[in-house]
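Engineer: compute the structure for the input listed below.
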Amino acid sequence: MTRTDNDSWEITESVGATALGVASARAAETERDNPLIQDPYARVFLDAAGDGVWNWHAGPELPQEVIDAEPDLPLQMEGMVSYMASRTKFFDSFFLTAANDGIKQAVILAAGLDARSWRLPWPDGVTVYELDQDRVLDFKLETLTNHGAQAEVNRKAVAVDLRHDWPKALLEAGFDPSQPSVWSAEGLMPYLPNAAQELLFERINDLAAPGSRVAVEALGPTFNDEELRAKRRARMDRVREVLAKTDPDREVPRTDDLWYFEDREPVGEWFARHGFEVTVTPAAELMEGFGRAADPKVKDLVPGNEFVFARKS
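Structural biologist: I've put the predicted structure just below:
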């Protein structure tokens, strides 16, 4: 599905389907023998949505013909699950540390099927604002309510497109810009053009009181590398060709069709330039620290993103 200005989507379409794809990776990690994270709701979302292109990581075993054609594909898939688990762990720890340090307002931008309001042990008095398109938020709440789950925190769903006036919607939901807050932008940057990314950060800066914290999954230095992108695309095209013969009902996700490949200022530099104290951790370093390093054979096929922590002094 080609991106257009002000496009919208169901949970099983376009950017919505990528939220299910991430849930697929979290479900696969949760169901491992020694999981890094626990997300009991990831499988619940997949069951509610039914089978589809998103169920890549938590679906059935790959046909042997696919593995014969691409022997390293299982390692690549395992590396992606480890990446998503490490990413989830990073943001889980980020939010809980801030909340336990006394910050009472948490803002999850492009919340998708993030279930932190349900699964994390939030301290008393915290309000979590989840921002996303209405159909995504509705699917999440309806699915978890039908499952009998209850939020563990004062959760406020803010149905708004981040390309529109989301600060107004956030303020109307009760957010207090005079008090410290904690913010996340996870799995969001590639879906925003450069101008929208700049505006997003400017708005966060305007709303974040001193003492606020921001965590961003930022695009790494290889994101725009055409050679690396072509390598990944060629591998997936080969897998797609074999699957069309052996398992035609199973699709390979093609999320990079939804991304914006544009030059951007590094996120860490942007926040440092605006007076934040910044720490930048490359994805490979983060994964290694959690004991989830990707196999060297597929290291270049796992996202080379950066995880930015910024504190407003």
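Engineer: for the residue most central in space within the chain, which three-state class applies?
Structural biologist: Closest to where the C-alpha atoms of the chain average out (Cα atoms, centre = their mean) is Gly187, at 3.0 Å. Three-state call for Gly187 (DSSP: H, G, I helix; E, B strand; the rest coil): coil.
Engineer: my read: it touches Ala110, true?
Structural biologist: Yes: between Gly187 and Ala110 there is a contact at 6.9 Å, judged by Cβ atoms under 8 Å. (Each C-beta comes from the backbone N, C-alpha and C, glycine too.)
Engineer: what's the local residue count around Pro296?
Structural biologist: For Pro296, the tally of surrounding residues (other Cβ atoms under 10 Å) stands at 8.
Engineer: now do Asn146
Structural biologist: 10.
Engineer: which stretches of this structure have low pLDDT?
Structural biologist: 1-16, 52-60, 62-63, 247, 249-254 (pLDDT under 70).
Engineer: element containing the residue of it most remote from its centre?
Structural biologist: Most distant from the centre of the chain: Lys245, at 31.8 Å, with distances by Cα atoms, centre = their mean. According to DSSP states H and E, Lys245 maps onto helix 226-246.
Engineer: check Glu277 too.
Structural biologist: According to DSSP H and E, Glu277 maps onto strand 276-282.
Engineer: continuing past that strand, what's the next helix or strand?
Structural biologist: Next element after strand 276-282 (DSSP H and E): helix 283-289.
Engineer: thinking again about what came up before, contact partners for the residue nearest to the centre of the chain?
Structural biologist: Residues in contact with Gly187 (Cβ atoms under 8 Å, 6 or more residues apart in numbering) are 18-19, 22, 87, 110, 112, 217.
Engineer: which of these fall in helices?
Structural biologist: Among the contacts of Gly187, the members found in helices (DSSP state H) are 18-19, 22, 87.
Engineer: from those, pick the one nearest Gln150.
Structural biologist: Ala19 (21.2 Å; Cβ to Cβ).
Engineer: do you know how far the spatially closest residue to the closest one that is not a sequence neighbour is from Ile37?
Structural biologist: For Ala19, ignoring the flanking residues on the chain, the nearest one in space by Cβ to Cβ, 6 or more residues apart in numbering is Gly112 at 3.6 Å. Gly112 sits 16 Å away from Ile37, going by Cβ to Cβ, to the nearest Å.
Engineer: same question for Asp92.
Structural biologist: Counting by Cβ to Cβ, the gap from Asp92 to Ile37 is 7 Å.
Engineer: over to Pro177?
Structural biologist: For Pro177, the distance to Ile37 - Cβ to Cβ - is 31 Å.
Engineer: those two: which is more packed in?
Structural biologist: It is Ile37, of Pro177 and Ile37, that has more neighbours when counted by other Cβ under 10 Å, with 20 against 15.
Engineer: got the contact list for the more buried one?
Structural biologist: 26, 29-30, 85, 88-89, 92.
Engineer: ditto for Glu65
Structural biologist: Glu65 touches 242, 245-246, counting by Cβ under 8 Å, 6+ apart.
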